[in-house]
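Enquirer: A predicted structure for the sequence below; I have some questions about it.
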Amino acid sequence: MPDPSLPQLRRRLLAWYGRHHRQLPWRPTPQSQIPNSKSEIRTANPYHVLVSEAMLQQTQVATVIPYFDRFVEQFPTVHDLAAADEQQVLRLWQGLGYYRRARHLHAAARVIVDHHAGRVPDTLDELLALPGIGRYTGGAIASIAFGRRAPILDGNVARVLARLFAIDEPTDQPATRDRLWQLAEQVLPRKAVGDFNQAMMELGALVCTPRQPACLVCPLQTLCLAQLAGRQAELPRRSIRHAPKAVRHVIVAIERRGKYLFEQRPATGLWSNMWQMPTHESPDSDAPDSLLPWVRETYGLTCQSAGDQHEFTHQTTHRTIAFSLVRVQVAAGRLLPNRGVWRKLDALDDLPLSNPQRKAVTMLVGEKPTA
C-alpha cells in the first residue's frame, strides 16, 4: 500500500471505530466521541487495561467480560491484587483457562506495588519488564492506557494487515511476523493511538473475520489489496500445523463416607497449583481395577470399584486429552500425610479446579456438564 493511502486509512478506521465500537467494561470512550458525548465519558483505567489484556490473550471478548467484572470487584485496585493469595486469584480465574496468565498477572501486580508505588508503568520498556508482559500486551497497555505510540499485533491485527497488504507468506513464520510488526508501526498514527490499535482489533473481530469477512461493510475495502484482487478468502496463510498430541488421563474419584479426595497439582506444568481429584496421566490400561494398586501405593488407601466409568475429551493448544472418570470407594487404609484433603462435592468453592476437573465433579453429582 503506498504511503499516500495511510492518512485515508487512519481517518476511515477511526471514524468507523467511533460509530461501531463495542461498549466493554475496560474500554475508554473513543476520543472522537468526547467533544459532543451525551453519555458519561470513561477514561482509561491502566489497572483495568492490564487485567483485561491478560484475560484476552487467546480468549474471546464475550467469555472474558463476566470474569473481568468478578475479578475487579474482588480486586478493585492493583494493591488488592498484589495482597491476594494465589489461590484466591486462581479461584476467580477458574474456567478461563491458560492459568499461567493469572499467575503472571498476580506477580506483575506485586512488582507494580513493590517497585512502581502501585502505579502501572507508563512506558513500554517498563511494561515489558513486568512478569508475563510481552510485546503485544505491553504495546496494548502503553497505547490504550497512556497514549504511547506503540504498535500491537495480535491475531486480529495480523489478519487485517495480511489482507490490506496482500501478504502471501504464512503469518506464523518469524520473518512474516517481523514484517507485520513493521507494518503495524507504519500504519499507526501519531495521535489517538489507543483508539487506532483498538480499532484494528475491533475490525478484525467484527468485520475482517477469519472466514467470510464482511468486505461490503468494511471501511477499508477500497484500500485493501486482498479485497481488490478477490483474494480475501485465501489470506492470511498459515503454515501446516501438526496435529495435537493424543494423550489419556484417568481421574480417580476416591470416595470415603460421602467425601472425595482432592490434591494440589505441582507448582510447574499443566494446571500448576490447581486442585484435582487424583489423576493418573499415563495409565497402562483403561480398566478401573488396574488403578487400584496405584491408589494404594500413592495414597495408602485400599479401594474397590464403585460406579460406571465415564469418558470425555478436553482440547488444549497442543494436546487432545481423553479423560476417563472412575469412582472408587475406600475399603481400608489411612491417607498418607500431605496427600490431599477430603471434601464433599458441594464444598469446593475455595479450591480452584481446572475445566476437566470441574466437568468430572459435575458428572459425579449427576448433572449435565457444560461444554
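Expert: Thanks, I have the structure now.
Enquirer: So which bits of stretch 203-217 are buried?
Expert: 203, 204, 205, 206, 207, 208, 213, 215 (16 or more other Cβ atoms under 10 Å). In short, each C-beta sits where N, CA and C put it, glycine included.
Enquirer: Verify the stated contact: residue 140 with residue 50.
Expert: No - Residue 140 is not in contact with residue 50 according to Cβ atoms under 8 Å; the separation is 9.4 Å.
Enquirer: mind listing the helices for this protein?
Expert: For the chain, the helices defined by DSSP state H cover 5-20, 46-56, 61-74, 78-83, 86-93, 100-115, 124-128, 135-146, 155-164, 174-187, 193-206, 225-228, 292-299, 355-364.
Enquirer: now the last one, how far from the chain's geometric center?
Expert: Spelled out, it's helix 355-364. Helix 355-364 has its C-alpha centroid displaced from the chain centroid by 20 Å (Cα atoms, centre = their mean, to the nearest Å).
Enquirer: before we move on, back to that, dump the helices of the chain to JSON lines, plus mean pLDDT and distance to residue 346.
Expert: Formatted as JSON lines, those follow (pLDDT from 0 to 100; distance: least, Cβ to Cβ, whole Å):
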{"stretch": "helix 5-20", "mean pLDDT": "95", "distance to residue 346": "45"}
{"stretch": "helix 46-56", "mean pLDDT": "97", "distance to residue 346": "28"}
{"stretch": "helix 61-74", "mean pLDDT": "97", "distance to residue 346": "20"}
{"stretch": "helix 78-83", "mean pLDDT": "98", "distance to residue 346": "28"}
{"stretch": "helix 86-93", "mean pLDDT": "95", "distance to residue 346": "16"}
{"stretch": "helix 100-115", "mean pLDDT": "97", "distance to residue 346": "25"}
{"stretch": "helix 124-128", "mean pLDDT": "98", "distance to residue 346": "42"}
{"stretch": "helix 135-146", "mean pLDDT": "97", "distance to residue 346": "38"}
{"stretch": "helix 155-164", "mean pLDDT": "97", "distance to residue 346": "39"}
{"stretch": "helix 174-187", "mean pLDDT": "97", "distance to residue 346": "48"}
{"stretch": "helix 193-206", "mean pLDDT": "97", "distance to residue 346": "38"}
{"stretch": "helix 225-228", "mean pLDDT": "95", "distance to residue 346": "54"}
{"stretch": "helix 292-299", "mean pLDDT": "94", "distance to residue 346": "23"}
{"stretch": "helix 355-364", "mean pLDDT": "95", "distance to residue 346": "10"}
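Enquirer: Now flag whichever of the buried residues of stretch 203-217 is closest to residue 128.
Expert: residue 204 (23.5 Å; Cβ to Cβ).
Enquirer: Excluding sequence neighbours, find me the nearest residue to the residue of the chain positioned farthest from its centre.
Expert: Computed with Cα atoms, centre = their mean, the residue of the chain farthest from its C-alpha average is residue 332, at 42.7 Å. Excluding the flanking residues, the one nearest residue 332 by Cβ to Cβ, 6 or more residues apart in numbering is residue 302, at 4.2 Å.
Enquirer: Neighbours of that neighbour, how many?
Expert: As a burial measure, residue 302 scores 14 neighbours (other Cβ atoms under 10 Å).
Enquirer: Could you measure from it over to residue 328?
Expert: 10 Å (Cβ to Cβ, to the nearest Å).
Enquirer: shared neighbours of the two, which are they?
Expert: residue 292 (Cβ atoms under 8 Å, 6 or more residues apart in numbering).
Enquirer: re earlier: could you list which residues are in contact with the residue nearest to residue 332?
Expert: Here residue 302 is in contact with 292, 296, 330, 331, 332, 333 (Cβ under 8 Å, 6+ apart).
Enquirer: separation between it and residue 295?
Expert: 8 Å.
Enquirer: what does residue 184 give?
Expert: Taken as Cβ to Cβ, the span from residue 184 to residue 295 is 53 Å.
Enquirer: can I assume residue 10 is in contact with residue 189?
Expert: Yes - counting by Cβ under 8 Å, residue 10 does reach residue 189; the two are 4.8 Å apart.
Enquirer: intersection of neighbour lists for those two?
Expert: By Cβ under 8 Å, 6+ apart, residue 10 and residue 189 have these common neighbours: residue 196.
Enquirer: Can I get the helices of the chain in CSV including distance to residue 27?
Expert: Output for these, formatted as CSV (distance: least, Cβ to Cβ, whole Å):
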stretch, distance to residue 27
helix 5-20, 11
helix 46-56, 8
helix 61-74, 10
helix 78-83, 19
helix 86-93, 21
helix 100-115, 18
helix 124-128, 19
helix 135-146, 8
helix 155-164, 15
helix 174-187, 20
helix 193-206, 7
helix 225-228, 27
helix 292-299, 48
helix 355-364, 27
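Enquirer: These: which one's closest to residue 31?
Expert: Of all these, the one in closest proximity to residue 31, counting by Cβ to Cβ, is helix 193-206 (5.6 Å).
Enquirer: tell me the angle the closest one makes with helix 5-20.
Expert: 70 degrees (axes from the mean of the first three to the mean of the last three Cα atoms, to 10 degrees).
Enquirer: which helices and strands does helix 193-206 pack with?
Expert: Packing partners of helix 193-206 (3 or more Cβ pairs under 8 Å, 6 or more residues apart in numbering; DSSP states H and E): helix 5-20, helix 135-146, helix 155-164, helix 174-187.
Enquirer: Please save the CA atoms from the strand ranked longest in the chain in CSV.
Expert: Of all segments of type strand in the chain, defined using DSSP state E, the longest is strand 319-333. C-alpha atoms of strand 319-333 as CSV (Å, rounded to 0.1, in the frame of the first residue of the first chain):
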residue,chain,number,x,y,z
ARG,A,319,-2.9,-31.9,23.3
THR,A,320,-6.1,-33.8,22.8
ILE,A,321,-6.7,-35.3,26.3
ALA,A,322,-9.1,-38.3,26.5
PHE,A,323,-10.3,-38.4,30.1
SER,A,324,-11.7,-41.4,31.9
LEU,A,325,-13.5,-40.8,35.2
VAL,A,326,-13.8,-43.8,37.6
ARG,A,327,-15.2,-43.8,41.0
VAL,A,328,-13.8,-46.0,43.8
GLN,A,329,-14.6,-46.4,47.5
VAL,A,330,-12.2,-46.7,50.3
ALA,A,331,-12.3,-50.1,51.9
ALA,A,332,-9.3,-49.8,54.2
GLY,A,333,-6.2,-47.8,55.0
